[in-house]
Structures are given as structure tokens and as C-alpha cells.
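# What follows is a predicted protein model with its sequence.
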Amino acid sequence: MIDLTKIKHHAAIEEVVDVLCNKTQNTDRGFFRVEVAFFLAKMAANMRATILTKDRGSIPVNLYTLALATSGYGKGHSVHIIEQEFMAGFKARFMDETFNLIAEDNLWKIAIARAAISGKEEQAEKDNLDREYTKEGNISYTFDSGTGPAVKQTRNKMIMANIGAINLQIDEIGSNLVGNVEILNVFLELFDQGLTKAKLTKNTAENVRSQELDGKTPTNALLFGTPDTLLDGGQVEDQFYSFLQTGYARRCLFGWGHETVLDEVPDAAEVYHRLISTNNTTTINHWANRFSDLADPVKYGWEMSVDDEVGIELIAYKLECERIAATYPKKEEIHKAEMSHRYFKALKLAGALAFVDESSEIELYHLHCAMKLVEESGESFKGIMTREKNHVKLAKHIAETPDEVTHSDLFEAFPFYKSGQAARNDIMNLAQSWGYKNNVIIKKTFSDGIEFFAGDTLQEATLDETILSYSNHFGYNYEAETPSFDQLADFVAMPDMHFCNHGFINKHRNSENAIPGFNMIVIDCDGEVTLDTVHDLLKDYEFMTYTTKRHTEAENRFRLMIPISFILELDKDEYKNFMTSFMDWLPFKSDEAANQREKKWMTNANCIVHHNKGEVLDPVQFIPKTSKNEDLKKQMADLGSLDNLERWFAQRMANGNRNQHMIRFALTLVDAGIAYQEVENQVVSFNSRMAEPMSSSELRNTVLVTTAKKYA
């Protein structure tokens, strides 16, 4: 199969798109291409252009297009330009001249055929047929809504006329989808060959059933609007997916508008001259005349053959599409349907391009141009199907909004944000869960019974830059630095240097001057836990300890420094609550004064430094007002009867390996210098308070045996 990246789009499409880009000031050509393709097919379908294939017979030219873009993108404006400046001549000539001429000729053919069967005068049959034709009502060149019976009535009149197409164009498809379910279901039947089954109605004196006529009526559909209203996370989105599942995925060309980011603000004069450029007028006049010529009665019933070379190329494309579709998992049935039927959309579009060129054959050029556009449509389809989920939009909106928001604010901002409490809780939980994995935190607070939400996008921290400030003075001249975490081993061994894990305005250390932003936790351990115990308990994490001046072998006094994976910007109260949660999480007691942002520590020239390599601690669960912190608090409350060390191991036992964690708990007590009998008592007591305690025999035959061996 040919390399489509080397193929240029058809001139009719590209030159019309040039004008649309100039006049809408939007450079997203892919979106406009599928729009233009629709209108080219609409002309061909109205003139009953057909593709003559050797393998599938006669196929009508028609297209369905779904084009989505945000409000203000230029959807309506671009359609107006195409209809009023490019296609107005075609429509006027087609409706005023060609349609009536062909219809009158075909009505006489039907009348003559009926007269031959009935034996009546041809004029009498023609008069009856004229009354029946008039009773069907006027033909709408384009309509934006309707009913199934109305479509079939219009179709019946077009069969009598044997010209024209049923053209549906729905703006704001998200708002109008549910109201047009019936007509869209009828269009599912009509796409391939323009065929559908007639509805049987009761025959009465007032409503005489018309004689049924056989025939094809090509249909075209342009559905465009904003993605937020169509993909609303509710009834409309469910209905949209249902339509994709039942056949619109394989029938539609797709456009997915992308906002173009300009490198610089365009010059006003340049924009103005682009809008009034004579090139626009020249292009419009050229193609408007070409399109008007296509409405000439001699172009009616245009037939385009497919020779063997083109047919083989189309089959090669079909096989390639089916091969790719076969690689999709079973759950992606919609993707499989869209991919495996791209060849058929390409054939119909190739027919529209050949009709515009007034070619009696579909050439390889037409097919390759069509394949290129269909492949771009496929990429747009992927964009629609893998769009940003509603809960992701919600999380990002909360994070990007500088002020707190309420349920009322979110309800006004998003159509998918429901009024029901259960639905709100569900989508907010999804938003918080997504945020947890994507560096976005959502905080929740209550004030006077009203729920407020605030969010932040967390900046990832690295071990290459650790935020700290230092000085040789108690309160002033604190210089901000960002050494690597490794370099702190040398820094803490400097003589008599004060340091903090925050920077300060004017280098003056006090609470009001603290600059939000830290990525390292520092706490003091003053004799209640040994260095070896801390090193063992935290061995999975990245940390550093260094001894202070009051450290002795009998009473370990040291400082623990733990880097965290994000740079957190917390105010005074948030930092205090953060540190409280962190210290509650630790398996040992520590100095509670570490919960102040202006807290300082001192270096020690004679210190012993230990640097443990491991996982950098994720601090999200300690951030106040977040769902993860609420979960942590609840977990701590449920384990309220346990001390820090017991909570530490109880949390890990809940995830499995209960026996191994109980052994580690016992050995930690041994390392703390506690006598065997006291260790045994604490182990037995701890086990008895577990939700699912170990059996007495398992405890004694495994945990306590290992503990006794440790003493031996």
C-alpha cells in the first residue's frame, strides 16, 4: 500500500480549507477538511452520482461526518462560508432548475409504466401521480431535525423524483442528540445504499396508502458541536456511545478540533489583510463556479467506474484495515468497527472527489486522497474516544482555579457535574484518585455547612536539589541553597551552622517570613529510639541520620532527614497538621517542635552520618484536607489502642506477610534492649489486639522461637 504521508489532499478540499483558515483565523486544517468533504459528497449525492464497482455493484456517493470542537472554534462560521459563498450557486441551480426538470421527466416515466399496466390514459395516470407527488409536501434541501416518518415521506417523494438526497445537518449535536434519536436510527439503515423498509400504515378513506415505489435515496449527515455537551458523562454520552456501537463508528468521518497555540500574537494589520485578501475572493469565485456547473442537468446520474488497478488498491487497504482491527482487544468493538470499515468510507469519498473533477473513473489519485483523509479521520476518532475524562477535567479545574470552589461553582462550570449527592461524591472520588496518581491534590474543607474544594498541581522533587537555608546566626542571614541530598552528608558535618528546610523573606528566620515550599522533612530523636532501630524500620526509604552533640552510646540522640517526592507549599497551619500526621505515621516518637516552618537545627562537626538509599517518601497522605489524609487519620483512629511501633507493623500486616511482620516487630523490641519476658508480653498483647490475630501455637512456634534465638 502506498505511503500516504507523500500524498497531498485533493485541490478542492485544500483550497476551500485555505479560505476557511483565513476567514476563521483558525489553522486547524484537519477539522475543516472533513467539513468540506461532507459538502462535496452532498453535491454528488444530490446529483445521484454513483460508483460502479465490479465486486459490489452500484454504490451511491454520500457521507456522514461528526465534527467536534470547543465553542468559538469557528464551526458555525465555517459552515456558513461554505454554504453561502462556495455552494450557494450549486444549491440555487439544483433546486430551481435541475431538480424540477429531472423530477418531471421521471414522473412521466412512472405514469407511462402505470398506464401500460392499468390500461388508463397516460395523462390520467400523470395527473394522479402529480396529486400524490404534491401531497408529499415540499422538499427540504437541508434540515436540522425531524422524525422517522417524515424522513420516509421525504424519501418517497425523492424516489418519485429520482433525484436529490436527504441531507441532515445538526448543530450542537450534544444538546440535540437525544431529541433526534428516531431520525438517526433511520439514517443508520440509509447509509450504505439509501434503502430502508417502508412502515405499514392503516388504509382509510382519509388516508389512502400510496403505491409503494422501489428506489434508492442517498443520505448525508453533518453532526457538529462541542465535545463537552456531547461527552457529558450522562445520558447524552451513553446515547452517543450506543450510536457508535450500532453503526455510526463505521459510517462517519470524524473531525476533532484542536486549539492552535500561536507562538506570538498576530499583527492586527496582518489579520485584517488575510481576511480581505483577494486570494480568498479568487478561490471562492473559482470553486463556486465549478460547483455551480456540477448542478447542470447533464451531470445528473453521473457514473464513475472503478478499474482493476483501483479495485485492487482498495482491497489492499481493506485487508490492511482488517489486519489492524484484528489486533484490537475484544472490548474495543467500536474501535474495531471504525478501523475495519475505513475502506468503504474511502470509496465513497473517492467518488465525491471524482465527481468534483467530472471524471468518469475513480482514479488512484482520488482513492489515495480519500484514504489520506480517512486516516486523518481515524486519528480524530481516537482523540474523541481517548479524550480527557470528566473526572480528569474536574481535578484539573480545581487545581488550576486560584480560589476555593463549591458544588454550586462546579455545577455551573460543568454539564456533567450532577446535582445528586451520590453522583457528586462518585466523580469527586474519581477526581481525587486520578489526582493522587498525577501529582494533583484536592483539598476539602467545611465552613458554615458548605463544602469547599481547593487544589494544587504538585511539582515533582528530585534528590539533586534539596531546599534549605543556612546561617551562622541564630535568626538572620539565612541563605537559600539547593544542594543535592548526597551533599548534605558533608554539610551536616560543618561546625556550628544553623539550617532550616524553608527559605525566608529578607533572610530573617521567623514564622511570618517563611517562604512556602519544602521537599525535606527534618526531625529530632532524643533518646527514645536507637539509631539501629530507625535504620532498620526505615530501610525501604531514602533518608539520612547524623548524631547531635548530646549523642552517647547509652542514649542515642540524632537527627533524621527524609527527602520527599514533591515540593509542597503549605501555610503555617497546614504545615503543622502535615507534620503531625507524619509524626503519627512514624514507628517511633520524635520531637513535636518539628511542626513549625521556622524550626531550625544545627550541624555537628563530630557527627556520625548514615545515608540510606531507597524509595523517596510520597508525602501526599500527610497533606491536610485531602482524601488520602482522611484515610490515614481514620486508619490511625482504628488503631488508636496501639502505640507508634505497633501501628507501623499493624498497617503492614493488613497487606499480607503477617508472620514476617510480627517477627520484625519482636526483633525491633529486642534491638531496643528490652528483656525477653517483656518482649514476649508485648508480642502476645499486640497480637491479641489485632483484628485477625495469629493463633497461639503459630505465635509461639514461629515468632517467639525466632525471638529467643536472637537472644541466644
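Received it, and whenever you're ready, just let me know what you need. Predicted, not measured: the structure shown is a model, and the values here were computed from it.

# Give me the buried stretch members for stretch 350-369, please.
By neighbour count, and taking 16 or more other Cβ atoms under 10 Å as the criterion, the buried residues in stretch 350-369 are 350-357, 359, 362-369. C-beta coordinates here come from the backbone N, C-alpha and C atoms, glycine included.

# Cross those against helices and list the overlap.
Secondary structure assignment by DSSP state H places 350-356, 364-369 of the buried residues of stretch 350-369 in helices.

# which of those lies closest to Phe243?
Ala352 (23.1 Å; Cβ to Cβ).

# how far away is the closest one from Ser292?
Distance, Ala352 to Ser292, by Cβ to Cβ, to the nearest Å: 17 Å.

# And Ala594, by the same measure?
Counting by Cβ to Cβ, the gap from Ala594 to Ser292 is 81 Å.

# ok, now Ser377?
If you go by Cβ to Cβ, the gap between Ser377 and Ser292 works out to 28 Å.

# More neighbours: which of the two?
Neighbours per residue, other Cβ atoms under 10 Å: of Ser377 and Ser292, the larger number sits with Ser377, 27 against 18.

# Please identify the helix or strand for the more buried one.
Counting by DSSP states H and E, the element that carries Ser377 is helix 364-385.

# immediately after that helix, which helix or strand?
helix 390-400.

# Provide the strand pairings for the next helix or strand after that next one, with the direction of each partner.
The element immediately downstream of helix 390-400 (helix or strand, assigned by DSSP H and E) is strand 405-406. Take DSSP bridges as the rule and strand 405-406 pairs in its sheet with strand 450-457 (antiparallel).

# can you give me the offset of the partner strand from its chain's centre?
In this view, strand 450-457 has its centroid 22 Å away from the chain centroid, taken as Cα atoms, centre = their mean, to the nearest Å.

# remind me, longest strand of this protein?
Residue-count comparison of every strand in the chain, with assignments taken from DSSP state E, identifies strand 557-568 as the longest.

# the inter-axis angle of it versus strand 450-457?
Interaxial angle, strand 557-568 versus strand 450-457 (axes from the mean of the first three to the mean of the last three Cα atoms, to 10 degrees): 100 degrees.

# got the CA positions of the helix or strand just after strand 557-568 in CSV?
As assigned by DSSP H and E, the chain's next helix or strand after strand 557-568 is helix 572-585. Output for helix 572-585, consisting of C-alpha atoms alone and laid out as CSV, is shown next (Å, rounded to 0.1, in the frame of the first residue of the first chain):
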residue,chain,number,x,y,z
LYS,A,572,1.7,27.7,58.8
ASP,A,573,-1.4,25.7,59.9
GLU,A,574,-1.2,23.2,57.0
TYR,A,575,2.5,22.6,57.7
LYS,A,576,1.7,22.0,61.4
ASN,A,577,-1.0,19.5,60.5
PHE,A,578,1.2,17.9,57.9
MET,A,579,4.0,17.3,60.4
THR,A,580,1.6,16.0,63.0
SER,A,581,0.3,13.4,60.5
PHE,A,582,3.8,12.4,59.5
MET,A,583,5.0,12.0,63.1
ASP,A,584,1.9,9.9,63.9
TRP,A,585,2.8,7.7,61.0
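
# helices or strands up against helix 572-585?
Helix 572-585 sits against strand 518-526, helix 627-638, helix 644-653, with contacts defined as 3 or more Cβ pairs under 8 Å, 6 or more residues apart in numbering; DSSP states H and E.

# again, only using 6 Å
Contact analysis of helix 572-585 by 3 or more Cβ pairs under 6 Å, 6 or more residues apart in numbering; DSSP states H and E lists no helix or strand as a packing neighbour.

# Return the angle between stretch directions for that helix and strand 518-526.
Going by the same axes, to 10 degrees, helix 572-585 makes 50 degrees with strand 518-526.

# Please point out which parts of helix 572-585 sit buried.
Taking 16+ other Cβ under 10 Å as the basis for neighbour counts, the residues of helix 572-585 that come out buried are Glu574, Tyr575, Lys576, Asn577, Phe578, Met579, Ser581, Phe582, Met583, Trp585.

# Next, the angle helix 644-653 makes with it.
Computed by the same axes, to 10 degrees, the angle between helix 572-585 and helix 644-653 is 80 degrees.

# Look at the residue lying closest to Val684 once chain neighbours are set aside and say how many residues are nearby.
The spatial neighbour of Val684 that comes closest, neighbours along the chain excluded (Cβ to Cβ, 6 or more residues apart in numbering), is Leu699 at 7.0 Å. Using other Cβ under 10 Å as the criterion, Leu699 is surrounded by 21 other residues.

# shift numbering so it begins at 15
All right, first residue 15 from here; so that's Leu713.

# how about the helices in the stretch 15-164 of the chain?
Counting by DSSP state H, counting those that start in this stretch, the segments of the stretch 15-164 of the chain that form helices are 25-38, 43-60, 89-95, 102-107, 113-132, 136-149, 162-175.

# At the geometric centre of the chain, which residue sits there?
Centroid-nearest residue in the chain: Glu402, 1.7 Å away (criterion: Cα atoms, centre = their mean).

# so Ala117 touches Ile173, yeah?
No. If you go by Cβ atoms under 6 Å, Ala117 and Ile173 don't touch, sitting 10.7 Å apart.

# just to revisit the earlier point, so for Arg264, which of the helices of the stretch 15-164 of the chain sits nearest?
Arg264 lies closest to helix 43-60 among the helices of the stretch 15-164 of the chain, at 15.5 Å (Cβ to Cβ).

# in that closest one, what counts as buried?
Of the residues in helix 43-60, those scored as buried under the neighbour-count criterion (16+ other Cβ under 10 Å) are 43-60.

# Output the buried residues of helix 586-599 as TSV; include the columns distance to Phe466 and pLDDT.
As requested, those are arranged in TSV below (distance: Cβ to Cβ, whole Å; pLDDT from 0 to 100):
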residue	distance to Phe466	pLDDT
Glu588	14	93
Tyr589	20	96
Lys590	20	95
Asn591	16	95
Phe592	19	96
Met593	23	96
Ser595	20	94
Phe596	24	95
Met597	27	93
Trp599	26	92
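
# Show me which of those is closest to Glu567.
Met597 (25.6 Å).

# residue ranges with poor pLDDT in the chain?
Scanning the chain with the threshold set as pLDDT under 70 gives 15, 211-227, 273-280, 284-285, 287.

# and it, what are its domains?
18-212+228-399, 404-469, 474-648, 653-726 (automatic domain parsing).

# distance of the residue nearest to Val698 from Ser699?
Remark: distance between Leu713 and Ser699 (Cβ to Cβ) = 11 Å.

# Equivalent analysis for Ala351, please.
Distance check for Ala351 against Ser699: by Cβ to Cβ, it reads 63 Å.

# Which one's more surrounded, these two?
Counting neighbours by other Cβ under 10 Å for Ala351 and for Ser699 shows that Ala351 has the greater number, 19 against 11.

# Could you check the angle the host helix or strand of the more buried one makes with helix 378-399?
With the criterion set as DSSP H and E, the secondary-structure element containing Ala351 is helix 347-354. Computed by the same axes, to 10 degrees, the angle separating helix 347-354 from helix 378-399 equals 170 degrees.

# now helix 347-354, how far from the chain's geometric center?
Per Cα atoms, centre = their mean, the centroid offset for helix 347-354 relative to its chain is 19 Å.

# Point out the most buried one among the helices of the stretch 15-164 of the chain.
Of those, the one with the most neighbours on average (mean count of other Cβ atoms under 10 Å) is helix 43-60, at a mean of 26.

# Show me what that helix is packed against.
Identification of packing neighbours for helix 43-60 by 3+ Cβ pairs under 6 Å, 6+ apart yields helix 25-38, strand 78-82, strand 233-239, strand 266-270, helix 356-370.

# how about JSON lines for these, with distance to Thr148 added?
Shown next, in JSON lines, are the helices and strands packed on helix 43-60 (distance: least, Cβ to Cβ, whole Å):
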{"stretch": "helix 25-38", "distance to Thr148": "37"}
{"stretch": "strand 78-82", "distance to Thr148": "31"}
{"stretch": "strand 233-239", "distance to Thr148": "23"}
{"stretch": "strand 266-270", "distance to Thr148": "35"}
{"stretch": "helix 356-370", "distance to Thr148": "31"}
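
# right, and those - which one's nearest Ile464?
Closest approach to Ile464 among the helices and strands packed on helix 43-60 is made by strand 233-239 (34.1 Å; Cβ to Cβ).
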